[in-house]
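Peer 1: give me a 3D structure for the following:
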Amino acid sequence: MIDRVNQLTPGTKPLWDKMDIAQMLAHCRQPIEVTFGNSNVKGSFILKLIGPLFKSVLYNEKTYTAKGSKP
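Peer 2: Numbering: from 1, shown residues only. Model prediction:
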């Protein structure tokens, strides 16, 4: 991933959608900022309601295996 980011230039053409490089990097940085506590996300009522359900599935000690793959 680091190699891919290092290959980006202002002239790099998007492979999907219409974001330029600066917009794409800002988009990718937002979740990292939230993870490290440098930014907060205001969640909707629905997200606050179902968020704890997702959290219990995403943050646990179980090993993730894709459906249909062998552990």
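Peer 1: which parts of the protein are strands?
Peer 2: With strands called from DSSP state E, the chain shows none.
Peer 1: now the helix or strand bottoming out on mean pLDDT in it, how far from the chain's geometric center?
Peer 2: Across the helices and strands of the chain, mean confidence by mean pLDDT, DSSP states H and E is lowest for helix 45-58: a mean of 80. Relative to its parent chain, helix 45-58 has a centroid offset of 16 Å by CA atoms, centre = their mean, to the nearest Å.
Peer 1: which residues does it contact?
Peer 2: Gly43 (CB atoms under 8 Å, 6 or more residues apart in numbering). C-beta coordinates here come from the backbone N, C-alpha and C atoms, glycine included.
Peer 1: how many neighbouring residues does Val41 have?
Peer 2: 9 (other CB atoms under 10 Å).
Peer 1: show the model's pLDDT score for it.
Peer 2: On pLDDT, Val41 comes in at 76.
Peer 1: spatially nearest residue to it (excluding sequence neighbours)?
Peer 2: Nearest in space to Val41, with sequence neighbours left out and distances taken as CB to CB, 6 or more residues apart in numbering, is Val34 at 5.6 Å.
Peer 1: what's the burial count for Met19?
Peer 2: Met19: 13 neighbours (other CB under 10 Å).
Peer 1: list the single closest residue to it in space, sequence neighbours excluded.
Peer 2: His27 (6.5 Å).
Peer 1: quick check: the gap between the one you found and Asp20.
Peer 2: For His27, the distance to Asp20 (CB to CB, to the nearest Å) stands at 11 Å.
Peer 1: contacts only, for Pro10.
Peer 2: Applying CB under 8 Å, 6+ apart, the residues contacting Pro10 are 20-21.
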